[in-house]
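Student: requesting a structural model of the entry that follows:
(2 chains)
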Number of protein chains: 2
Amino acid sequence: MTSRPLDQVLAAVDSGLDQSVERLFALLRIPSISTDSAFAGNCAAAADWLVQDLNSLGFVASARATGGHPAVVAKSPGGAGPHALFYGHYDVQPVDPLDLWETPPFEPRIATAPDGSKRIVARGASDDKGQVMTFVEACRAWKAVTGTLPVGVTMLIEGEEECGSKHLFDFVRANKADLAADVALVCDTGMWDRQTPAITTSLRGIVSEEFKVVAANRDLHSGVYGGAAANPIHMLSKVIASIHGADGRIAIPGFYDGVEDLPADILADWKGLGLTADDFLGPIGLKQPIGERDRLLIEMISSRPTCDINGIWGGYTGEGSKTVIPSEAWAKVTMRLVGKQDPVKVRDAFRAHVRARLPADCRAEFFGTRGSPALALPWDMPVLGKARAALTAEWGRKAVTIGSGGSIPIVGAFKDDLGLDSLLVGFGLEDDRVHSPNEKYDLASFHKGIRSWARILDALAA
Amino acid sequence: MTSRPLDQVLAAVDSGLDQSVERLFALLRIPSISTDSAFAGNCAAAADWLVQDLNSLGFVASARATGGHPAVVAKSPGGAGPHALFYGHYDVQPVDPLDLWETPPFEPRIATAPDGSKRIVARGASDDKGQVMTFVEACRAWKAVTGTLPVGVTMLIEGEEECGSKHLFDFVRANKADLAADVALVCDTGMWDRQTPAITTSLRGIVSEEFKVVAANRDLHSGVYGGAAANPIHMLSKVIASIHGADGRIAIPGFYDGVEDLPADILADWKGLGLTADDFLGPIGLKQPIGERDRLLIEMISSRPTCDINGIWGGYTGEGSKTVIPSEAWAKVTMRLVGKQDPVKVRDAFRAHVRARLPADCRAEFFGTRGSPALALPWDMPVLGKARAALTAEWGRKAVTIGSGGSIPIVGAFKDDLGLDSLLVGFGLEDDRVHSPNEKYDLASFHKGIRSWARILDALAA
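Tutor: Numbers count the residues shown, from 1 in each chain, chains lettered A, B, ... in the order given. Okay, here's the model as predicted:
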């Protein structure tokens, strides 16, 4: 019954691909960097662009105030199947270091890879505008061919994912009725590899901190005070150096509370995937994994917690030399959580660890954002099998279930506040340079991603 | 014979003080930041200002090309005494962090301290424009009263002291005849305290390095690579944390080669000065000296070598959070040298220490500038006693001979290339905020500094 319209829909996706790319380009041209308040107007513009586009294809869409950047909510009634809440985000990461981009980050283009394949290059091409548009374009094709969608769909496309979804949690709680659904669909994850589609069934949580170490009450001349006055860059370095032991373990007392080992069968599955350091680190120019010595590489990147300094600064960083001992030194840190690690306890443990390493006449100050715990989705989720079959049909290779090293904080709120399990399907690839210069999204990810969602929408209604 | 003109000269200094301050303000208004190429035009303007001023008071002055910022050379013949080569610098340090300045750094003003004393506030007020102008104004007073100077004077006022005097070494070698003299006078050091004048008889040397630690070949997303990929900020932190041992000693192998203990009598003198941590660190909000545990505080800051990180940066340092593992992390370091430490050997030892702490798939790159060894001036220098007597007469307190923690690289070249010993006399104070926001120079330093040079010029001719 469903195969005839689906075939027409897939044909419409294929014949309309050029226009789909055009629309994605229009969205990619908007520099919607959410972490930098200078770009607030651009975030609003990206939300407005989505509202207009979704209204044009028959959704009832609006940009909703959140206290931060607006969230786009769009609705379309559908058939008798489950109602789906689709989630994605229109905000993107900052673009620095800008001089490493081969072309301007907000001037999207199609580039040809050495193997002849095509890729869309722009900030947000993969994370997450390209992924969001795979779903939008799938809906467009269904609407164009059948006038409706196989299942009812509510879209929630936020603008603060890259800064911890800080206002979306309240928004979800305040709009439970409006966002009510039977299942959540999330498109912000990746494939296992170029040929193998994946459904992500676990996500790491995250705790973010910005902190500074303060020594003297002003910057000092190292010719006068050098050798006697505490240098906050040295103290901050000692703190950071103390985070990891020589065995690769995080040495913060209490950090591993709530971390569990994988079930033996999952561990065996993961061993079977045969991920090697050469495969994973070779393309980025590294050889040696730096995680816990007694763990598989795939555990390090998906089922083990991390603590990474993402930025550091202090003293004179301009041209030439300045013989200063600064008053302060700063760092930004993110910790990825797994299992039952409690974000609040982890944050407190981190702060205590830092403070314990400072001399009495120096101090640390912390500026943390809300954290989120890790999430594990139920293996017996009803839609999992349907989605897996649809993906397998599209890609000609069995879809695998994997854990993700990344964090999508709002997925926990979907469970807690809306009672929804989330189906995490995405088409990103490891070499997408997400958060880096020259971010890209394979044209095949985009094209087959649209086709995949067209199939999943069909499968959900079955 | 000499007392009558000197008294008139000192009276002229007193009556002309307001105009002397006006002239200093004019020089302070020129933002001659030498380490930032954006200010090259301002450095040239400062040199031109000095040339014009010195010509106006009867010197034959010109701005001379050096390959970098120009050096001012000015000459005035004098009496039968020794010919003096006066050295100072018109360039200043960068002004960041700008938001900590109470008033704009290049708009000089007279402020009143809580104790009612007056101070000149501006970048360069103390280091070194204010100090240079003490000598210029002393010459002006002598010229005004007597039409000449007690001794012949050549001035060499350079524009690259804050970036290691990088072109001045060649300039001195290329202009030996032009700079020939019997003694060098240098005004870039400080008093012992507000009441006690000082002659500096030893200077620490310096080695500067900028270096980066490189891990992956691009910035990475910590959600994808976190836990597996080497983080250069962590590695740089481990390197920095390894520089100092728990005993406060620098743990770089070979670093202390050539460092000698003080002669017992000098150590006894220094002990007698009774410098305490409360005195020295209290005003900057610190309590505990961080140098070698078994050394006096005064040794730490003047006769022991140091290794200080002056700047650090890497990863995302903008607003908000970015879950990046950067490809590189950077630091700037200066090492202060004493005794017979060899700058080249110290630099090589530092580089080896850094490299030994990096894993095989990461690397460090270094961008060092020329270093200079430490300098000890002869205690039996003929002009030392004369200058000491002149200073003692002006301040009513016996002038002390001290070691300086700072470095004036060119003083070594004066000895090696021109055969000159240097008399280091200055009127800076510990709370001058040199290299920091709200740099100041006490009006008393400026006024009595001019009077001191007027007396020293007189004493040299005796």
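
Student: ranges for the helices of chain A?
Tutor: Using DSSP state H, the helices of chain A run over A:3-15, A:17-28, A:40-56, A:129-146, A:168-174, A:222-225, A:232-241, A:264-273, A:277-281, A:297-302, A:343-356, A:382-395, A:410-418, A:443-461.

Student: need those helices in JSON lines (columns: mean pLDDT, mean neighbour count and distance to chain B).
Tutor: To be clear about C-beta, it is placed using only N, CA and C from the backbone, and glycine gets the same treatment. Putting the helices of chain A into JSON lines (pLDDT from 0 to 100; neighbours: other CB atoms under 10 Å in any protein chain shown; distance: least, CB to the nearest CB, whole Å) gives the following:
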{"stretch": "helix A:3-15", "mean pLDDT": "92", "mean neighbour count": "16", "distance to chain B": "28"}
{"stretch": "helix A:17-28", "mean pLDDT": "98", "mean neighbour count": "17", "distance to chain B": "18"}
{"stretch": "helix A:40-56", "mean pLDDT": "98", "mean neighbour count": "19", "distance to chain B": "11"}
{"stretch": "helix A:129-146", "mean pLDDT": "97", "mean neighbour count": "25", "distance to chain B": "14"}
{"stretch": "helix A:168-174", "mean pLDDT": "96", "mean neighbour count": "19", "distance to chain B": "15"}
{"stretch": "helix A:222-225", "mean pLDDT": "86", "mean neighbour count": "27", "distance to chain B": "3"}
{"stretch": "helix A:232-241", "mean pLDDT": "98", "mean neighbour count": "25", "distance to chain B": "4"}
{"stretch": "helix A:264-273", "mean pLDDT": "83", "mean neighbour count": "12", "distance to chain B": "14"}
{"stretch": "helix A:277-281", "mean pLDDT": "94", "mean neighbour count": "15", "distance to chain B": "6"}
{"stretch": "helix A:297-302", "mean pLDDT": "91", "mean neighbour count": "23", "distance to chain B": "4"}
{"stretch": "helix A:343-356", "mean pLDDT": "97", "mean neighbour count": "18", "distance to chain B": "13"}
{"stretch": "helix A:382-395", "mean pLDDT": "93", "mean neighbour count": "19", "distance to chain B": "21"}
{"stretch": "helix A:410-418", "mean pLDDT": "91", "mean neighbour count": "19", "distance to chain B": "13"}
{"stretch": "helix A:443-461", "mean pLDDT": "97", "mean neighbour count": "24", "distance to chain B": "15"}
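
Student: test my guess that A:Gly368 contacts A:Ser208.
Tutor: Yes: using CB atoms under 8 Å, A:Gly368 is in contact with A:Ser208, at 6.5 Å.

Student: higher neighbour count, those two?
Tutor: Higher neighbour count among A:Gly368 and A:Ser208: A:Ser208, with 24 against 17, using other CB atoms under 10 Å in any protein chain shown.

Student: quick check: the gap between the more buried one and A:Pro97.
Tutor: 21 Å (CB to CB, to the nearest Å).

Student: check A:Gly190 too.
Tutor: Distance from A:Gly190 to A:Pro97, by CB to CB: 24 Å.

Student: can you check A:Arg295 too?
Tutor: 32 Å.

Student: equivalent analysis for A:Phe366, please.
Tutor: Looking at A:Phe366 against A:Pro97, where the rule is CB to CB, the gap reads 27 Å.

Student: follow-up on the earlier one: neighbour-wise, which of A:Arg295 and A:Pro97 wins?
Tutor: Set side by side, A:Arg295 and A:Pro97 show more neighbours around A:Arg295, with 19 against 14, by other CB under 10 Å.
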